[in-house]
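[1] Have a look; sequence and predicted model below, questions after that.
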Amino acid sequence: MKKFLGICTLVGILILLQVYMWCVQAGPLMQTAYIRVERGTSLSMLADGLQKEGVINHALAFKIIARFSGLSQKLRAGEYKFEPNISLWNVMQKIANGDVFYRKITLPEGLTNVEISKILNENPYLSGQIVLDDIQGSILPETYTFPYGTERKKIILEAQADMQKTLDDAWNNRDENLPVKNKKELLVLASIIEKETGVPEERPLVASVFVNRLKKGMKLQTDPTVIFALTQGKAELGRSLKRKDLQIDSPYNTYKYYGLPPTPICNPGKDSIWAAAKPAKTDYLFFVATGDGGHNFSKSLSEHNKNVKNWVKKISK
């Protein structure tokens, strides 16, 4: 009898050692895998699924260990990222701790609400559909992280909260004597700056031109506002502006009307908002493209006209 018990004990120890080895040894996964655990998935379904996907070698061991360790009651739904050769125990721990994988989505600076809606609605890892209103400027362009299945509306709410915080910070720390009455006008100015240049270091200079023109009572005469007047931010213009476009009767036509447009023309990024709040100190009143991505700035119309001629020559070659 003692010999039998001894054999049983030895067998038990060997089994435990084998289970332990299954737990800690490198798993079979050859490349990074993304596995979704749906709500209501049973322990058996989870273990079998992980083995089928090549994440673990032994579904039975997974079930036994999960039950004996108490982790079977803690396994959480979500999307998980598993690295190559991850051990069975680490797989179990990751799911039990709810260490879900966070995906990223980037909302670039200068997009309209229509363009942002398209990016969000086409992302296959988000849920629910959204339709944003026609008032631009409430969304802060940024890279946002989210677990699989997050509602698109949640991303929008986060982006709107971030925009409000950024706008509040910029307004509260703005330069004195800016020719804007409130945060809304600051945001309108920032949206024009955003559309005028994609060169970060130029934004404070572009801001200085518009601030100087506003202070002098000059028309802003900026093409992006005319483009917005033509498209309302719902589509790309798809062509260059024509002379007749500058005659459109719209409050967004800054060639026809003085001051700022009534609303933002896009969703500006942080740099453009801070450029509007803290523009460079210059005497510039004009700028024109250099033809290679940047701009030439000038203080006088005669200097500006020379820059325009140089630009025309460059693009005509």
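    Right, received. Where do you want to start? A quick note: this is a predicted structure, and the numbers were derived from the prediction, not measured.
[2] hang on, isn't T166 packed against S272?
    No: between T166 and S272 there is no contact under C-beta atoms under 8 Å: 10.4 Å. In this view, the C-beta of every residue, glycine as well, is placed from N, C-alpha and C.
[3] For those two, work out which one has more neighbours and name it.
    Ranked by neighbour count (other C-beta atoms under 10 Å), T166 and S272 place S272 first, with 30 against 19.
[4] correct me, but that one touches G198?
    No: using C-beta under 8 Å, S272 is not in contact with G198; the gap is 10.4 Å.
[5] Tell me how many other residues surround K216.
    9.
[6] Give me the pLDDT value at it.
    pLDDT recorded at K216 is 96.
[7] hang on, isn't it packed against K299?
    No: K216 lies out of contact with K299 (C-beta under 8 Å); the separation is 11.9 Å.
[8] Report all helices and strands that whichever helix or strand E115 is part of contacts.
    Using DSSP states H and E, the element containing E115 is helix 113-122. Packing partners of helix 113-122 (3 or more C-beta pairs under 8 Å, 6 or more residues apart in numbering; DSSP states H and E): helix 152-172.
[9] Which strands or helices does the helix it packs on pack on?
    By 3+ C-beta pairs under 8 Å, 6+ apart, helix 152-172 packs against helix 113-122, strand 143-147, helix 183-196, helix 270-277.
[10] Other residues contacting it?
    105, 107, 120-121, 123, 126-130, 132, 137-142, 144, 146, 183, 186-187, 267, 270, 273-274, 276-278 (C-beta atoms under 8 Å, 6 or more residues apart in numbering).
[11] could you dump it to CSV, C-alpha only?
    The C-alpha atoms that make up helix 152-172 are tabulated as CSV, following Å, rounded to 0.1, in the frame of the first residue of the first chain:
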residue,chain,number,x,y,z
ARG,A,152,-16.7,56.6,-32.1
LYS,A,153,-18.6,59.2,-30.1
LYS,A,154,-16.2,58.6,-27.2
ILE,A,155,-13.3,59.7,-29.4
ILE,A,156,-15.1,62.8,-30.4
LEU,A,157,-16.0,63.7,-26.8
GLU,A,158,-12.3,63.2,-25.8
ALA,A,159,-11.1,65.4,-28.7
GLN,A,160,-13.7,68.1,-27.9
ALA,A,161,-12.6,68.1,-24.2
ASP,A,162,-8.9,68.4,-25.3
MET,A,163,-9.8,71.2,-27.7
GLN,A,164,-11.5,73.1,-24.9
LYS,A,165,-8.6,72.7,-22.6
THR,A,166,-6.1,73.8,-25.2
LEU,A,167,-8.2,76.8,-26.1
ASP,A,168,-8.6,77.8,-22.5
ASP,A,169,-4.9,77.5,-21.8
ALA,A,170,-4.0,79.5,-24.9
TRP,A,171,-6.6,82.2,-24.2
ASN,A,172,-5.5,82.6,-20.6
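[12] Run the angle between it and helix 113-122 for me.
    Put simply, helix 152-172 runs at 140 degrees to helix 113-122, going by axes from the mean of the first three to the mean of the last three C-alpha atoms, to 10 degrees.
[13] Which elements pack onto the helix or strand containing A229?
    In the assignment (DSSP H and E), A229 maps to helix 223-231. Applying 3+ C-beta pairs under 8 Å, 6+ apart, we find helix 223-231 packed against helix 183-196.
[14] Can I get the helix it packs on in PDB? Just the C-alpha atoms.
    The C-alpha trace of helix 183-196 is given here as PDB (Å, rounded to 0.1, in the frame of the first residue of the first chain):
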ATOM      1  CA  LYS A 183     -11.900  82.500 -27.500                       C
ATOM      2  CA  LYS A 184     -14.100  81.900 -30.500                       C
ATOM      3  CA  GLU A 185     -12.300  84.600 -32.500                       C
ATOM      4  CA  LEU A 186      -8.900  83.200 -31.400                       C
ATOM      5  CA  LEU A 187     -10.000  79.800 -32.700                       C
ATOM      6  CA  VAL A 188     -11.200  81.300 -36.000                       C
ATOM      7  CA  LEU A 189      -7.800  83.000 -36.400                       C
ATOM      8  CA  ALA A 190      -6.000  79.700 -35.600                       C
ATOM      9  CA  SER A 191      -8.000  77.800 -38.200                       C
ATOM     10  CA  ILE A 192      -6.900  80.300 -40.900                       C
ATOM     11  CA  ILE A 193      -3.200  80.000 -39.800                       C
ATOM     12  CA  GLU A 194      -3.600  76.200 -39.900                       C
ATOM     13  CA  LYS A 195      -4.800  76.200 -43.500                       C
ATOM     14  CA  GLU A 196      -2.200  78.800 -44.700                       C
END
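[15] Please renumber the chain so that the first residue is 32 from this point on.
    Right, with 32 as the first residue, what we last looked at is helix 214-227.
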